[in-house]
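Asker: Predicted model, plus sequence, below.
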Amino acid sequence: MGYVAGIGGANMDVHGRSDAALVMRDSNPGTLHMSMGGVCRNICENLARLGEDVRLCTVVGNDVNGRSIMEGCREAGIDMTYTRMLEGEHTSSYISLMDEKGDMLLAMSDMHIIKHLDERMVDAAAPLLLGAEIVVCDGNLSGKTVRRLTEVCDRPLYLDPVSTAWARAIAPYIGFFDTVKPNRMELEALTGFPCGSEEEIVFACDVLRGKGVRRVFVSLGAEGMLYRGPEGTLRGRSRPVAMVNATGAGDASMAGIIHATLAGRDARGALETAMAAGIIAVCSENTISAGMNPGEIERIIKEYIV
């Protein structure tokens, strides 16, 4: 079986969870936790934990965080051959503030270094991209970088839009992607259409499909996930779980989609695997759950997916 190539962000995450209801403009007692992050990097680590051969093209600074990411990714089983460590640059960082229930209320990212993940890096990574079975990227890439990626790469491209702002920037190139996994707000940003009801979501998915996207998996948070593709519309729901940390759930879901696709599962199987991976993620304190593995995916599908 071939490998998965990832191209996108890698950073250090700081998560803060309040002990009680957050009081704005005040210091809130809580717990702070640091871990490796970055949407594309997270997808790659989840895939490695699921037994996939995965290789990451990203940029980090030659600083403490950058060296930690390089070492941590290699220990996690991610090939970092095409990652560049840049002198004089700060490694990307991300901070999120969560309420007492573990749901994210606010986040901020410093991704300035990502501008160096440019067209020239795409060209240099062409052997990596062209040899992959699937190429996954996140919305942190600039429009010019995405355009060059679509010109160089002839492999199926998968996209996690990351945020509404990044989704708007990448919208002109959306038709080049095989599979896209937005949440409701990102889907609105990609299409310009409201996504309040399920009918509106399906319509927006069809807008993307009309532009060339083959499959759309829409994350709906506690409401589950909606799939729209050649098979039609599929809806996935789960039994309630005790959420610990919502950060990283979407990244895990994308890894689940890719893992299921490589295993030859149908659309329903991919939907269920994506939801199970997301559940494993939200039940973990860390961005990446140490319990992410194929056996746990199957257990969660049987016990929680309805």
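Answerer: Perfect, I can see it now.
Asker: For the residue nearest to residue 291 when sequence neighbours are not counted, give its distance to residue 61.
Answerer: Nearest non-adjacent residue to residue 291, counting by C-beta to C-beta, 6 or more residues apart in numbering: residue 280, 5.9 Å away. Any C-beta I mention is one placed from the backbone N, CA and C, and that applies to glycine too. Note on residue 280: its distance to residue 61, by C-beta to C-beta, to the nearest Å, is 31 Å.
Asker: How about residue 294?
Answerer: 34 Å.
Asker: These two: which is more packed in?
Answerer: residue 61 (19 against 13; other C-beta atoms under 10 Å).
Asker: Can you tell me who that one pairs with across the strands?
Answerer: residue 86 (DSSP bridges).
Asker: For the closest residue in space to residue 39 that isn't next to it in sequence, give me its contacts.
Answerer: In space, and not counting its chain neighbours, residue 39 is closest to residue 138: 3.9 Å by C-beta to C-beta, 6+ apart. Taking C-beta atoms under 8 Å, 6 or more residues apart in numbering as the criterion, residue 138 is in contact with 8-9, 38-40, 43, 159-162, 166.
Asker: Show the average pLDDT along the longest helix along the chain.
Answerer: Determined from DSSP state H, the single longest helix within the chain is helix 267-282. Here helix 267-282 scores 96 as its mean pLDDT.
Asker: Tell me the helix or strand right after the host helix or strand of residue 31.
Answerer: Assigned by DSSP states H and E, residue 31 belongs to strand 30-37. Per DSSP H and E, the first helix or strand lying C-terminal to strand 30-37 is helix 39-49.
Asker: helices and strands around that next one, which ones?
Answerer: Contact partners of helix 39-49 among helices and strands, from 3 or more C-beta pairs under 8 Å, 6 or more residues apart in numbering; DSSP states H and E: strand 4-7, strand 54-57, helix 64-75, strand 78-79, strand 134-138, strand 157-160, helix 249-262.
Asker: mind checking pLDDT for the residue lying closest to residue 113 once chain neighbours are set aside?
Answerer: Once flanking residues are discounted, residue 113 sits nearest to residue 89: 4.8 Å by C-beta to C-beta, 6+ apart. Looking at residue 89, its pLDDT is 94.
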